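Asks: Dropping the sequence and predicted coords here.
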Amino acid sequence: MPEQPELTIQGWGPGSSRVATVADAPGEAEGSLELTRDPDLAAALPRAARRHLAKELGWTPRPTPAVRVGDIRLAPSRLPGEARAAMTALLGEEHVATDELSRLRRTGGKSYLDLLRRREGDASDAPDAVVSPGDTAETAALLALCAEHGVVVVPFGGGTSVVGGLSGTDPDDRPAIALDLRRMAGIRDLDVPSSLVTVGPGMRGPALEEALGADGLTLGHLPQSWEFATLGGYAATRSSGQASTGIGRFDDLVAGLTLATPTGVLELGHPPASAAGPDLLGLALGSEGALGVITELRLRVRPKPRTTRYEGWSFRSWAAGLAGLQRLARHELLPDVVRLSDPDETRANLLMAGGTGARALRGALRARGHGEGCLLVVGWEGLPPLVRARRRAAASVLREGGAVRAGRRVGESWRRHRFEAPYLRDRLMDSGLLVETLETAATWSALPVVYDAVRRALGRSLTRAGRRPLVMSHVSHGYPTGASLYVTVLADRDDDLPIQQWLAAKREATDALLAAGGTLTHHHAVGADHRPWLEREVGPLGVEVLRAVKQRLDPAGICNPGVLLPD
């Protein structure tokens, strides 16, 4: 089976966005830990945007570079000799690695806390080995072997978790391996008449889209982590893509899967549909590696859209924008892509865009009374007649709600640049900023309350010495009953206690959004970061049900013990 290319330690992007890290050529192995499109903040951010951030945050850019890869030292591997010998006998020497480079590449994810630790040279959560099984049978045998030898197993796909999903924390501090999925990365079957594709969990979105495109098909699931994240990771975290309003979340696209556990293999899901008792497929979706390892996925695909249309609209206020989306949802007219930015995010996005086009748009919106308004990006995909009909109907409802059209250039600009935010995050962190996100979902009636509660909580927690955070939000992933809320926060970083600074803010914001009626998470998953609050969402009995399932499938507790279930 084809293997995925090596991962980078930090950052997200392939292609033209080069990364000076150990994942590159030997001559570049002493590079810094972060991804970079541009060598400094001045090149990455227009002057007007830099001035805006300095004014809003009371922040003076200062150099806070990451340590170099060559300066990071890992503790020696603790993998017992007997366990390594058994793994080598099972998989072959070439698929069991304990060298520092392999271990460092599979250390942690991409949350702000992950990046802080790695930038400071902290790789204390590095796995003791990287092991790569090639199929379901090898994975099941490896899990049984690890249970016998007391070795923790953390599945590793693209390494893009932003909630501590790869922390490998174990209460008994046992040795841990990263179970790398890259050898299980191909298409195993394509059933065109049934619109089903069977794939390995280590396959990435771009590779799948390229392969499906040859048959005129697409999966269409594009989260912001699309360039690196794997299909197995999508399933294990119940991911949502940018077009999930139209085609559904990733769990809606999964027709079946195979889950290897320490006690056996589960084959779940029977398309097109079954009424044979409760649907056990839901136990594996969102299980985050805590019950076992997903080794195969059967996914619903669809024809590639023959036309796409992305455009921008503007509302005078956040309340008017929410009301407009609610009307679209009530009439079943939500586009495939929906992204409503609040005034702070709208202002920041227009300033970051720079150029005469963005300035002209700001002037045109001010002239229409939308100077402090909210931009809405919408997108439709499919057959031309259906796209035209849906657009016309949606436009009528939007205009009734007071929206004005901002044009196709706004929508197309968002579509071209939609994967770039993580690149800019590295540059902002280099210059002394806290940059992090959180997300939730709520009903249409609760959404305004949740929005206000999160903003107040982050403002209280991150204001220090007169310096306020910048809290920006957008609504996306619309449903008939509500929508998700995605929050980006920037603040002057506490260089003495940066980790504690964010932990306190995250704790206050999570308590606030739950009290206001939001969900614990909409698409980032539980991981290590959210598990202290899981009981508040599913209840004590719900947690005990999950514990009982884990005890049956993973009695030794070796499967990613640091996530999902509270201590």
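Replies: Okay, I see it. Numbers count the residues shown, from 1 in each chain.
Asks: ranges for the helices of the stretch 51-200 of the chain?
Replies: Along the stretch 51-200 of the chain, counting by DSSP state H, counting those that start in this stretch, helices occupy 81-91, 100-105, 112-119, 136-149.
Asks: and what of the stretch 401-550 of the chain?
Replies: Going by DSSP H, counting those that start in this stretch, the stretch 401-550 of the chain shows helices at 408-417, 421-430, 447-462, 498-516, 534-553.
Asks: hang on, the earlier thing: can you put the helices of the stretch 51-200 of the chain in CSV and add distance to residue 456?
Replies: (Glycine included, C-beta is placed from N, CA and C.) Output for those, formatted as CSV (distance: least, CB to CB, whole Å):
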stretch, distance to residue 456
helix 81-91, 50
helix 100-105, 40
helix 112-119, 21
helix 136-149, 45
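Asks: Out of those helices, which is closest to residue 172?
Replies: Residue 172 lies closest, by CB to CB, to one member of those: helix 136-149, at 13.2 Å.
Asks: what comes up buried for the closest one?
Replies: Residues 136, 138, 139, 140, 141, 142, 143, 144, 145, 146, 147, 149 are the ones in helix 136-149 that count as buried (16 or more other CB atoms under 10 Å).
Asks: Low-confidence stretches in the stretch 251-400 of the chain?
Replies: 354-356, 367 (pLDDT under 70).
Asks: what residues are up against the spatially closest residue to residue 528 that is not a sequence neighbour?
Replies: Nearest residue to residue 528 in three dimensions, chain neighbours excluded: residue 164, at 3.3 Å (CB to CB, 6 or more residues apart in numbering). Each residue near residue 164 by CB atoms under 8 Å, 6 or more residues apart in numbering is listed here: 109, 111, 113, 114, 527, 528, 529, 562, 563.
Asks: Beta-bridge partners for the closest residue to residue 305 other than its chain neighbours, please?
Replies: Excluding the flanking residues, the one nearest residue 305 by CB to CB, 6+ apart is residue 381, at 3.7 Å. Beta-bridge pairing for residue 381 (DSSP bridges): residue 308.
Asks: re earlier: for the helices of the stretch 401-550 of the chain, which one sits closest to residue 351?
Replies: Using CB to CB, the helices of the stretch 401-550 of the chain put helix 421-430 closest to residue 351, at 12.7 Å.
Asks: Quick one: work out the angle between the closest one and helix 112-119.
Replies: 60 degrees (axes from the mean of the first three to the mean of the last three CA atoms, to 10 degrees).
Asks: Give the buried residues for helix 421-430.
Replies: In helix 421-430, counting by 16+ other CB under 10 Å, buried: 422, 423, 424, 425, 426, 427, 428, 429, 430.
Asks: Can you tell me which helices and strands it packs against?
Replies: For helix 421-430, the packing partners by 3 or more CB pairs under 8 Å, 6 or more residues apart in numbering; DSSP states H and E come out as helix 41-44, helix 112-119, strand 433-443.
Asks: now these as a markdown table including distance to residue 479, mean pLDDT and mean neighbour count?
Replies: Output for the helices and strands packed on helix 421-430, formatted as a markdown table (distance: least, CB to CB, whole Å; pLDDT from 0 to 100; neighbours: other CB atoms under 10 Å):
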| stretch | distance to residue 479 | mean pLDDT | mean neighbour count |
| --- | --- | --- | --- |
| helix 41-44 | 35 | 68 | 16 |
| helix 112-119 | 28 | 94 | 21 |
| strand 433-443 | 8 | 97 | 22 |
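Asks: about what we covered before: what's the pLDDT at the residue nearest to residue 528?
Replies: According to the prediction, residue 164 has pLDDT 97.
Asks: Ok, residue 186 next?
Replies: Looking at residue 186, the pLDDT reads 94.
Asks: Does it touch residue 197 like I think?
Replies: No. Between residue 186 and residue 197 there is no contact under CB atoms under 8 Å: 10.9 Å.
Asks: Settle it for me: which of those two has more neighbours?
Replies: residue 197 (25 against 16; other CB atoms under 10 Å).
Asks: Please name the residues that touch the more buried one.
Replies: With contact set as CB under 8 Å, 6+ apart, residue 197 has these partners: 187, 189, 190, 191, 208, 212, 217, 219, 298, 299, 301.
Asks: Apart from its chain neighbours, what residue comes closest to the fifth one?
Replies: In this case it means residue 208. In space, and not counting its chain neighbours, residue 208 is closest to residue 219: 5.9 Å by CB to CB, 6+ apart.
Asks: Spit out the contact partners of the one you found.
Replies: Remark: with contacts taken as CB under 8 Å, 6+ apart, residue 219 is in contact with 197, 205, 208, 209, 212, 253, 299, 301, 302.
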